[in-house]
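Chemist: Need the 3D shape of this:
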Amino acid sequence: MSQEGFTLWFTGLSGAGKSTLANLAALELRDRGHRVEILDGDEVRTNLSKGLGFSKEDRDTNIRRIGYVCRLLARNGVVAISAAISPYRDIRDEVRRMHDRFFEVFVKCSLDELVRRDVKGLYEKALRGEIKNFTGVSDPYEEPLNPELIVESDRESVEESLARLISALEERRYIIGAPREKKTSDGRAAR
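Modeler: Sure thing, here's the model as predicted:
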């Protein structure tokens, strides 16, 4: 069965839950028979965008590269999932215009909760001025104006966010049907 690809674009501050939600969405979509690839911001920085810094120009270049790869995947029937901060609205909107089917999810979380979750202490260092150009503290994050979905990771569980995302994708007919029934090694339905 051939399925149309699309880009599922998660944006939000570091630690908001983009990667967690992206990985759970990928599992659900694969269970429904979709081909899925995730472009995680940290992994892309290591491989596709190695050598780029954190100036606005370098961040824009990074997001354009992610958007380009997502477009290639989506036009070939893959659900391309991006989980990158993508802090600037104009570049996210530019990437949106490159796609036929684009679904933006704003993973929103309060700064207090992000600081609480931050096991590496990066937010505290940024708040003390020890880390420069830290998105959401010393560098801007421009919230999306009209995302297809907003999830508030400090107010709802990841399961609730995932359920809302899957429901929204079904309503807009980006995905169809329920997960496929899982089978045991002898072909019987798993319980």
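
Chemist: contacts, neighbours, all on C-alpha from now
Modeler: Fine.

Chemist: mind listing the strands in this structure by residue range?
Modeler: 6-11, 35-40, 78-83, 102-108, 149-152 (DSSP state E).

Chemist: Show me the one of these that comes nearest residue 22.
Modeler: strand 78-83 (6.5 Å; Cα to Cα).

Chemist: mind saving the C-alpha coords of that closest one as CSV?
Modeler: The C-alpha coordinates for strand 78-83 follow below in CSV (Å, rounded to 0.1, in the frame of the first residue of the first chain):
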residue,chain,number,x,y,z
VAL,A,78,8.2,8.7,4.1
VAL,A,79,7.0,10.4,7.3
ALA,A,80,9.9,12.7,8.0
ILE,A,81,10.1,13.8,11.6
SER,A,82,12.2,16.7,12.7
ALA,A,83,12.9,17.2,16.4
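
Chemist: Enumerate every residue touching the residue lying closest to residue 143 once chain neighbours are set aside.
Modeler: In this structure, residue 143 finds its nearest non-sequential neighbour in residue 89, 7.0 Å apart by Cα to Cα, 6 or more residues apart in numbering. Applying Cα atoms under 8 Å, 6 or more residues apart in numbering to residue 89 gives the contacts 142, 143, 144.

Chemist: Check residue 19 too.
Modeler: The neighbourhood of residue 19, defined by Cα under 8 Å, 6+ apart, consists of 40, 83.

Chemist: 10 Å instead?
Modeler: Neighbouring residues of residue 19 by Cα atoms under 10 Å, 6 or more residues apart in numbering: 10, 11, 25, 38, 39, 40, 41, 42, 81, 82, 83, 84.

Chemist: How much space separates it from residue 130?
Modeler: For residue 19, the distance to residue 130 equals 25 Å [Cα to Cα, to the nearest Å].

Chemist: I'd say residue 113 and residue 154 touch.
Modeler: Yes: between residue 113 and residue 154 there is a contact under Cα atoms under 10 Å: 6.6 Å.

Chemist: list the residues that contact both of the two?
Modeler: residue 16.

Chemist: So for these two, which residue has more residues nearby?
Modeler: residue 154 (17 against 13; other Cα atoms under 10 Å).

Chemist: quick one, what contacts the more buried one?
Modeler: Residues near residue 154 by Cα under 10 Å, 6+ apart: 16, 17, 107, 108, 109, 110, 111, 112, 113, 114.

Chemist: Including pLDDT, could these go into TSV?
Modeler: Below are these laid out as TSV (pLDDT from 0 to 100):
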residue	pLDDT
16	95
17	94
107	98
108	97
109	96
110	94
111	92
112	92
113	94
114	94
